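K.L.:
task: produce atomic coordinates for the following.
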Amino acid sequence: MPATKTTTKDKTKPTTTPKGKYIYANGKRKTSVAKVRLYKGTGNFTINDKTLKEFCEVKIHAETIKSPLKLTGDLKSFDILVKVQGGGHSSQAEAIRHGIAKALIESDPTNKPTLKHAGLLTRDSRTKERKKFGLKRARKAPQFSKR
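P.N.:
Residues are numbered from 1 along each chain as shown. Modelled structure (predicted):
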């Protein structure tokens with residue numbers, strides 16, 4: 001007799017999405033785009049239907065995401081819901097940070113000087129340069145042979 005397959009359900013807890021009014025902002029970095037919603041709440045993070053700990057495997061990424069909230073003192077004031085796609089882990093964390101900073105300004109315009117001075121409102125536009133014809137990569141030329 002063949003062994004029967006038993007399927008186990010995911011042990012991830014379904015996160016409850018906050019209800020009500022929210023403040024929306026987009027954050028971008030390289031090819032990552034983060035759609036950020038700020039709800040009045042207690043400081044919960046939901047990123048792509050995961051908690052902050054599940055999403056950020058590296059501690060520095062979690063610190064990067066929280067930095068605008070720490071600067072303004074709003075760490076426990078908002079529940080944050082984020083959908084992010086594209087890019088890598090570091091790029092996504094910085095895109096989320098950019099989106100949170102923009103949303104904090106929407107919630108309270110007096111936060112703008114603090115966030116601007118920290119450089120969190122500037123969109124980091126450095127992206128990969130396109131490959132040019134006649135070259136191997138964006139700038140790498142084929143090897144030159146004199147003879």
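K.L.:
give the contact list for Leu71.
P.N.:
Applying CB atoms under 8 Å, 6 or more residues apart in numbering, we find Leu71 in contact with Thr114, Leu115, Ala118, Leu120. For every residue, glycine as well, the C-beta is placed using N, CA and C.
K.L.:
buried among those? Make that a PyMOL selection.
P.N.:
For the buried members of the contacts of Leu71, the matching PyMOL selection, counting by 16 or more other CB atoms under 10 Å, is:
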select buried, resi 114+115+120
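K.L.:
can I get the contacts of Leu71 in JSON lines with pLDDT and distance to Thr51?
P.N.:
JSON lines is the format used below for the contacts of Leu71 (pLDDT from 0 to 100; distance: CB to CB, whole Å):
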{"residue": "Thr114", "pLDDT": "94", "distance to Thr51": "27"}
{"residue": "Leu115", "pLDDT": "95", "distance to Thr51": "25"}
{"residue": "Ala118", "pLDDT": "95", "distance to Thr51": "25"}
{"residue": "Leu120", "pLDDT": "94", "distance to Thr51": "23"}
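K.L.:
helix, strand, or coil at the most centrally placed residue in the chain?
P.N.:
Centroid check for the chain by CA atoms, centre = their mean gives Ile96 as the closest residue, at 2.7 Å. With DSSP: H, G, I helix; E, B strand; the rest coil as the basis, Ile96 sits in helix.
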